[in-house]
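# Here is the input, now give the coordinates:
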Amino acid sequence: MNATRPFSRLFLAASTALLFANAQGQGNCTNFSQFGGAVADPGGLVTTISTCSYESEYSVISSVIAAATYQFTLSSGGYITVHQDTFDGPIIGQGYSPVTVTAVTAGDLFPHWTVDDLCTTASGVCQVTTVQLFLNCLPPQATYTVTEDCLTNQFSINVNVATTGDGATIALGFSINGGTLVSQPGLGVGTYALGPFTYGDLVQVVVGHEFDMACNLTWNNIASPSNCPVIIDCAGPQLNETYCYPNNMNEDWHYQSSGGQPLAILFSSGTIESDFYDDLTIYDGPDASYPILWQHIGGTEDLSNVLAVSSGPDIYMAATSDGSVSCSSGSMLEWIWTVGCLDCEPTTTTFNIIPDCIHRTYQVAVDVDSLGSATAVNIYDRFSGDTLYNMPAGVTLIGPIPMDSATKITVFNNDNSLCRKISTELIWTSDTCVVDTCGSANYSYCYTNSDTAWFAYRSTQGVPVTVRFLSGNLGPNDKVLFYNGITVYSAVIFLGNNGGNMANFALNSTNVDNAITFRVMSDGTGSCQGGQYEPLVWDVQCGAVGIDELADHGFHMYPNPTEGLLYVQMTQGAASPLSVVVFDLAGRQVMNVPTNNLIAGTNTIDLGALQNGQYLVQVTTADQVVAQRVQVMR
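Numbering: from 1, shown residues only. Model (predicted):
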């Protein structure tokens with residue numbers, strides 16, 4: 001491996017290391033920081049250990065041949081101390097670059113890089129380090145191929161010996177899964193079959209030189225290439241698979257049905273990183289040359305309910321990953337999937353959304369027109385996580401589901417879960433429930449116990465929209481909540497029940513969308529539906545509530561905005577006010593004008609003690625309750 005180091009690690013520093021000196025106080029250096037590693041080229045070529053070693057580190061050379069000769073170089077010409085077996089193991093050679101040593105064992109070699117034989121260290125300046133295996137012989141030349149036997153789940157290795165090197169013969173040996181090496185000496189040029197081996201075995205093959213093991217040719221971890229499909233027995237159970245994918249993955253799976261039926265792959269869980277880094281693709285055939293059935297596209301993806309169905313007996317899946325963020329690193333969830341024969345006929349099903357704007361929910365009408373080959377179906381709702389079992393053909397309502405929340409509905413045969421119909425992602429958004437109007441139609445609602453009912457309106461004329469209650473009442477614990485807009489994130493402009501009598505209560509929007517939303521909220525102690533209260537009736541007009549509208553109710557209120565003094569003028573013949581109460585827009589009472597201060601003519605209300613902002617002034621007479629929003633602005 002040619003080790004490199006990020007530039008961010010570069011810094012200039014020098015120090016004197018701990019000295020493990022001989023009697024003359026020189027050499028025998030041991031560093032404590034490791035960087036870089038390599039396997040010396042078996043053919044005797046120079047191998048770069050690192051292009052950026054520091055003279056304060058050591059490197060690791062593995063796959064060492066006992067009794068072989070190795071030469072190390074350090075581009076600065078500095079001092080090299082070579083330990084064997086461990087980083088601080090026996091020293092088998094040292095000196096200024098280049099240094100040649102003979103391996104005592106087959107254990108790893110550890111060259112330590114320093115400035116000089118006083119073990120002086122230096123960091124921040126990159127040095128190139130190399131290793132070379134010195135051969136005193138000519139290695140044999142050979143190649144190998146692997147042959148699979150899919151019927152027996154076995155494989156063989158065919159070794160073609162082209163030359164025996166400078167020896168008269170070779171010894172051909174192998175070991176299985178790290179076991180004892182079995183060797184046959186005295187072989188010449190030719191092709192030799194090794195095996196058979198069982199799927200999953202890791203085989204080491206050694207083409208041995210006649211008289212110098214340093215010239216042996218070795219292949220490690222030879223395995224079956226897994227080109228044989230996994231046979232899915234259509235008369236047997238479905239196959240359940242799990243896989244925790246690693247970094248640097250390059251994996252594939254090939255499945256084939258026993259009777260020629262189509263196959264289905266269904267994931268029940270698992271995640272995969274963005275397709276910029278990791279890939280997963282399922283093909284309609286035995287390899288990647290066939291059409292794509294499904295492919296991971298986009299950001300990190302949840303594989304749950306991914307379903308791919310082949311048109312023939314073969315289905316193939318391939319996956320790759322980069323060097324970080326995987327299941328084995330703890331960042332992604334393990335993949336779990338099922339493979340089975342699709343020896344069934346799926347249902348004929350349609351999915352339709354039924355919105356309930358008043359309660360901000362929707363239902364999904366699952367219309368199973370045909371059961372296919374099933375006797376009944378199971379219906380799964382992703383939002384709730386609930387499954388309805390053994391449902392007959394016909395329409396089944398799923399929900400209610402909150403608006404702005406998505407779901408998927410899966411309908412699958414009760415006798416083969418792979419035979420299924422999956423809806424697209426279903427959602428109904430609350431903004432579709434906004435009524436665009438400037439008409440004069442009346443609206444009414446008879447609320448229930450423990451109710452939450454929503455109503456949203458938007459002006460069609462580019463002016464504020466006003467909601468005015470014509471009649472209706474609320475229980476003492478029931479309320480109306482107004483938003484200055486169409487979402488719950490809009491400002492709250494009123495929360496209360498106007499003393500229980502909503503008649504003549506009015507509010508208008510003050511936002512650029514010219515929209516207003518209110519909801520009716522009740523407890524469980526009484527309602528309109530229960531007969532305790534009258535229905536709420538209101539109309540929606542375009543334009544803000546002002547003096548002209550209030551004049552219809554027998555009084556004027558001005559100026560608006562006001563700096564402090566507000567005049568409430570009763571018109572001729574109007575009843576005297578019984579009370580004037582001021583609320584903030586959260587529905588809290590902030591002022592109550594004493595009854596003995598009110599007259600039938602013009603009343604002066606001093607709002608000077610209130611902070612700048614919007615308030616609701618409610619005037620109650622013997623005939624009615626009327627509310628006007630007023631702005632205090634200084």
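# List the contacts of residue 263.
Listed by C-beta atoms under 8 Å, 6 or more residues apart in numbering, the contact set of residue 263 reads 232, 255-257, 309-310, 313-315, 339-342. C-betas here are computed from N, CA, C, even on glycine.
# now do 7 Å
232, 255, 257, 310, 313, 315, 339, 341, 342 (C-beta atoms under 7 Å, 6 or more residues apart in numbering).
# what about the strands in the stretch 501-634 of the chain?
506-508, 515-521, 536-542, 555-558, 565-570, 577-584, 589-593, 602-606, 613-621, 625-632 (DSSP state E, counting those that start in this stretch).
# Next up, the contacts around the residue lying closest to residue 538 once chain neighbours are set aside.
In space, and not counting its chain neighbours, residue 538 is closest to residue 469: 4.6 Å by C-beta to C-beta, 6 or more residues apart in numbering. Taking C-beta under 7 Å, 6+ apart, we find residue 469 in contact with 502, 503, 504, 505, 536, 537, 538.
# Which of those sits closest to residue 420?
residue 536 (45.7 Å; C-beta to C-beta).
# show me what contacts the nearest residue to that closest one once chain neighbours are set aside?
Nearest residue to residue 536, sequence neighbours excluded (C-beta to C-beta, 6+ apart): residue 472, at 3.5 Å. Residue 472 is in contact with 502, 503, 534, 535, 536, 537, counting by C-beta under 7 Å, 6+ apart.
# ok, back up a step: from the contacts of residue 263, which ones fall inside strands?
Cross-referencing these against strands under DSSP state E gives 232, 255, 257, 315, 339, 341.
# For the closest residue to the third one other than its chain neighbours, give me its contacts.
Sequence neighbours aside, residue 313 is the residue nearest to residue 257 in space, at 4.4 Å (criterion: C-beta to C-beta, 6+ apart). Under the criterion of C-beta under 7 Å, 6+ apart, the contact list for residue 313 reads 256, 257, 260, 261, 263.
# again, but for residue 346
Taking C-beta under 7 Å, 6+ apart, one finds 372, 419, 420, 421 in contact with residue 346.
# picking up where we left off before, and of the contacts of residue 472, the nearest to residue 616?
Checking the contacts of residue 472 against residue 616 with C-beta to C-beta, the nearest one is residue 502 at 13.0 Å.
# Quote the end-to-end distance of stretch 214-228.
37 Å (C-alpha to C-alpha, to the nearest Å).
# Oops, could you answer that again for stretch 478-489 instead?
End to end - C-alpha to C-alpha - stretch 478-489 spans 22 Å.
# So what touches that stretch?
Here stretch 478-489 makes contact (C-beta under 7 Å, 6+ apart) with 431, 434, 456, 458, 490-497, 507, 509-511, 513, 515-523.
# Narrow the residues you listed to those that are buried.
Burial by neighbour count, 16 or more other C-beta atoms under 10 Å: within the contacts of stretch 478-489 this picks out 434, 456, 458, 490, 493-497, 507, 509-511, 515-522.
# on that earlier part again, of the ones in strands among the contacts of residue 263, which pair is most distant in space?
Longest distance between any two of these is 10.7 Å, between 315 and 341; criterion C-beta to C-beta.
# Comparing those two, which residue is more hemmed in?
Taking neighbours as other C-beta atoms under 10 Å, residue 315 and residue 341 compare with residue 315 leading, 28 against 25.
# tell me the contacts of the more buried one?
255, 263, 265, 282, 284, 308.
# can you redo these as a markdown table with distance to residue 87 and secondary structure?
As requested, those are exported to a markdown table (distance: C-beta to C-beta, whole Å; DSSP: H, G, I helix; E, B strand; the rest coil):
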| residue | distance to residue 87 | secondary structure |
| --- | --- | --- |
| 255 | 48 | strand |
| 263 | 53 | strand |
| 265 | 48 | strand |
| 282 | 47 | strand |
| 284 | 53 | coil |
| 308 | 50 | strand |
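# Only the buried subset of these, as a PyMOL command please.
Applied in PyMOL, the following selects the buried portion of those according to 16+ other C-beta under 10 Å:
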select buried, resi 255+263+265+282+284+308
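# what about the residue nearest to residue 382 when sequence neighbours are not counted, neighbour count?
Leaving aside its sequence neighbours, residue 382 sits nearest to residue 408 (C-beta to C-beta, 6+ apart; 4.5 Å). Neighbour count for residue 408, taken as other C-beta under 10 Å: 17.
# I figured residue 408 hits residue 423, correct?
Yes. Between residue 408 and residue 423 there is a contact under C-beta atoms under 7 Å: 5.5 Å.
# Count the neighbours of residue 237 for me.
So residue 237, with other C-beta under 10 Å, has 9 neighbours.
# Also residue 163?
Here the number of neighbours of residue 163 (other C-beta under 10 Å) works out to 14.
# from what I can see it touches residue 140, true?
Yes. If you go by C-beta under 7 Å, residue 163 and residue 140 touch, sitting 5.8 Å apart.
# mind checking the longest strand of the chain?
Identified as the longest strand of the chain according to DSSP E is strand 120-134.
# who does it pair up with?
strand 13-16 (antiparallel), strand 47-55 (antiparallel), strand 69-74 (antiparallel) (DSSP bridges).
# Dump the C-alpha coordinates for that strand into CSV.
This file holds the C-alpha atoms of strand 120-134, laid out as CSV (Å, rounded to 0.1, in the frame of the first residue of the first chain):
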residue,chain,number,x,y,z
THR,A,120,16.8,12.2,16.3
THR,A,121,13.3,12.6,14.9
ALA,A,122,11.8,15.2,12.5
SER,A,123,8.2,15.8,11.4
GLY,A,124,6.6,17.9,8.8
VAL,A,125,8.9,17.0,5.8
CYS,A,126,7.6,14.1,3.7
GLN,A,127,10.1,11.3,2.9
VAL,A,128,9.6,8.5,0.3
THR,A,129,10.1,5.0,1.8
THR,A,130,10.5,1.8,-0.2
VAL,A,131,11.0,-1.9,0.2
GLN,A,132,12.4,-4.5,-2.2
LEU,A,133,12.5,-8.3,-2.0
PHE,A,134,15.9,-9.6,-3.3
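# which parts of the helix or strand just after it are buried?
The helix or strand immediately downstream of strand 120-134 is strand 141-149, counting by DSSP states H and E. Buried residues in strand 141-149, counted by 16+ other C-beta under 10 Å: 142, 144, 146, 148.
# Distance check, the last one against residue 155.
In this structure, residue 148 and residue 155 are 5 Å apart, going by C-beta to C-beta, to the nearest Å.
# overlap in contacts of these two?
Both residue 148 and residue 155 are in contact with residue 224, where contact means C-beta under 7 Å, 6+ apart.
# Just want the most central residue of this protein.
residue 300 (4.3 Å; C-alpha atoms, centre = their mean).
# That one: what's it in contact with?
Per C-beta under 7 Å, 6+ apart, neighbours of residue 300: 271, 272, 273, 274.
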